[in-house]
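K.L.:
Compute the structure for the input listed below.
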Amino acid sequence: MFTVEQRDALRDRLLRLAEEDERVVAGAAVGSLAVDGGDRFSDLDLTFSIADHVPVADVLNDWKRTLIDELAAVHLADLERGPTTYRVFLLPDALQFDLSMTPAAQFRPAGPRFRLLFGETAAGESEVPTPAVAGDLFGWGVIYALHARACIERGRVWQAEHYVGAVRDHALALACLRHGLPAVQARGYDDLSAETLARFGDAHVGAAEPGALRAALAASVLALMREGAEARLPHTDTVAQRLADLR
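P.N.:
Numbering: from 1, shown residues only. Below you'll find the model as predicted:
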């Protein structure tokens with residue numbers, strides 16, 4: 001497991017690399033380290049603004065070679081979201097580094113976890129992530145419940161386990177919305193009250209066999225219906241009646 005000192009050394013090395021690269025015109029820390037210092041398990045997230053006349057892919061590929069050749073990094077995955085390209089690396093001692101780059105004209109905070117380290121952001125309003133919508137969370141939870149039942153009856157127990165977990169997670173996300181907590185990537189789950197979490201005590205699949213799957217699905221659907229009612233979503237009662245055999 002990496003140390004805080006290793007993570008800090010990597011950050012300093014990357015900021016020097018940015019300083020030496022004239023194509024990089026601004027940089028920021030993002031993620032947990034940008035706002036509250038994170039903790040010793042936080043990975044490193046840095047984002048950079050690239051001069052508009054330079055293809056972002058060229059800079060990313062040059063940095064990739066440096067990270068691999070000099071720091072023994074392994075390239076894990078890429079993700080494109082709007083004008084920003086994210087590239088994820090794994091370094092020695094399981095240190096994850098999330099690198100992202102954006103054309104300078106569109107380099108703005110994409111959320112509250114953004115701390116400018118050098119340079120400037122682009123003029124204009126920051127991009128605000130699309131918030132989770134209670135009705136969508138409820139609707140997809142119902143869809144996954146139906147999929148889970150079908151998988152159980154077909155004897156596809158591992159696929160069923162996946163869908164049961166999805167029902168539970170959508171109910172938990174609704175609970176997070178209700179309490180004003182982050183509703184994505186399970187970020188708010190551990191901050192829910194003990195009373196709320198107790199509703200989900202039986203929603204975990206105990207074994208990959210039909211009986212355990214049905215029991216966990218019933219608990220997950222019950223929690224989803226409760227959260228739908230708490231959110232005063234239309235048709236919750238009707239949906240609950242139609243899913244009665246799952247509970």
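K.L.:
neighbouring contacts of stretch 166-181?
P.N.:
For stretch 166-181, the external contacting residues (C-beta atoms under 8 Å, 6 or more residues apart in numbering) are 132, 134, 137-138, 140-141, 144-145, 148, 182-184, 186-189, 191-193, 196, 199-200, 203-204, 216-217, 219-221, 223-224, 226-228, 230-231. Backbone N, C-alpha and C define where each C-beta goes, glycine included.
K.L.:
Please read the previous query as pertaining to stretch 220-239.
P.N.:
Contacts for stretch 220-239 (C-beta under 8 Å, 6+ apart): 134-135, 138, 141-142, 145, 164, 167-168, 170-172, 174-175, 177-178, 199-200, 203, 240, 243, 246-247.
K.L.:
Next secondary structure after the helix or strand hosting Leu146?
P.N.:
For Leu146, the host element (DSSP states H and E) is helix 134-153. Of the helices and strands lying after helix 134-153 in sequence (DSSP H and E), the nearest is helix 157-178.
K.L.:
Next secondary structure element downstream of that next one?
P.N.:
Helices and strands here follow DSSP H and E; after helix 157-178, the next one along the chain is helix 194-198.
K.L.:
gap between the helix or strand just after that following helix and the chain center?
P.N.:
With elements assigned by DSSP H and E, the helix or strand that comes after helix 194-198 is helix 210-230. Put simply, helix 210-230 sits 24 Å off its chain's centre (C-alpha atoms, centre = their mean, to the nearest Å).
K.L.:
and if you look at stretch 203-218?
P.N.:
Its chain's average C-alpha position is 26 Å from that of stretch 203-218, according to C-alpha atoms, centre = their mean.
K.L.:
In it, which residues are buried?
P.N.:
Going by neighbour count (16 or more other C-beta atoms under 10 Å), the buried part of stretch 203-218 is 203, 205, 212-218.
K.L.:
Spatially central residue for this protein, please.
P.N.:
In the chain, the residue lying closest to the centroid (C-alpha atoms, centre = their mean) is Gln185, at 3.9 Å.
K.L.:
Can you report phi and psi for that one?
P.N.:
With angles defined as degrees, to the nearest 10, Gln185 sits at phi 50, psi 30.
K.L.:
and if you look at Phe114?
P.N.:
The phi/psi pair for Phe114 (degrees, to the nearest 10) is phi -150, psi 120.
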